[in-house]
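K.L.:
Any chance you can model this:
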Amino acid sequence: MTALQTLHDLALQHKCAASPTFPRKYIPKPKFTDKNSNGLIKCVIAFSRLQGCQAERISVEGRVLDGRKTFQDVVGFQRTIGTVKRIKSSSQVGSADVSAIINGRSVKIEVKVGKDRQSPAQKQYQRQVEAAGGIYLLISSFQQFYDWFQTQKGVLA
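P.N.:
The predicted structure is shown next:
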């Protein structure tokens, strides 16, 4: 059985357990993919949480301040004035995509799919995490994360 199939089965079991009186055939099957970065991040977070671990997505994009206002002028046309500004994030540059606590250990997970590669800032962040005693994973498929997780069951405790 593949790692993705295992994740599908675990998620479906969790949904069924959450609604025990609801007929199983009507519970929608969960959909997971690791073909893109966003899908792979969702797989890692869902699996970690289903295993009783803590996991969250880290975003370093910053945020958008929308100062635009829309109004109707005297002729009846819609007009928009103002600007949109982006505020820099206060997160550390190069932070990993997922921050998790697995069996009491800090695990940072960087997702790279396809031709995507680590930036110099991400490599520096990896060195900082490992120097502090944390675990840093660089993954390109859910199978990689799943295999690592299975080897760590008794080791991390």
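K.L.:
Run through the chain and note the low-pLDDT ranges.
P.N.:
Low-confidence segments of the chain, defined by pLDDT under 70, are located at 153-157.
K.L.:
That one: helices as residue ranges?
P.N.:
All helices of the chain, identified by DSSP state H, fall at 3-18, 37-50, 120-131, 142-151.
K.L.:
Residues in contact with the third one: which ones?
P.N.:
If I follow you right, that is helix 120-131. 92, 93, 94, 95, 96, 106, 108, 110, 118, 135, 136, 138 (C-beta atoms under 8 Å, 6 or more residues apart in numbering). C-beta coordinates here come from the backbone N, C-alpha and C atoms, glycine included.
K.L.:
from those, which ones fall inside strands?
P.N.:
Counting by DSSP state E, the members of these that fall within strands are 106, 108, 110, 135, 136, 138.
K.L.:
ok now do the third one, which residues does it touch?
P.N.:
Going by C-beta under 8 Å, 6+ apart, residue 110 touches 96, 97, 118, 122, 126, 136, 137, 138, 139.
K.L.:
Residue 116 reaches residue 36, doesn't it?
P.N.:
No - when contacts are counted by C-beta atoms under 8 Å, residue 116 is not listed as touching residue 36 (10.1 Å).
K.L.:
From the contacts of helix 120-131, list just the buried residues.
P.N.:
Buried residues within the contacts of helix 120-131, counting neighbours by 16 or more other C-beta atoms under 10 Å: 94, 95, 96, 108, 110, 135, 136, 138.
K.L.:
which pair in the residues you listed spans the largest distance?
P.N.:
Pairwise distances across the buried ones among the contacts of helix 120-131 peak at 16.4 Å for 94 and 135 (criterion: C-beta to C-beta).
K.L.:
Can you tell me, leaving aside adjacent residues, what's nearest to residue 93?
P.N.:
Using C-beta to C-beta, 6 or more residues apart in numbering and skipping the chain neighbours, the partner closest in space to residue 93 is residue 121 (4.6 Å).
K.L.:
Tell me, how many residues neighbour the one you found?
P.N.:
By the criterion of other C-beta atoms under 10 Å, residue 121 has 13 neighbours.
K.L.:
what separates it from residue 137, distance-wise?
P.N.:
17 Å (C-beta to C-beta, to the nearest Å).
K.L.:
What distance do you get for residue 103 to residue 47?
P.N.:
Shown here: residue 103 relative to residue 47, a distance of 14 Å by C-beta to C-beta.
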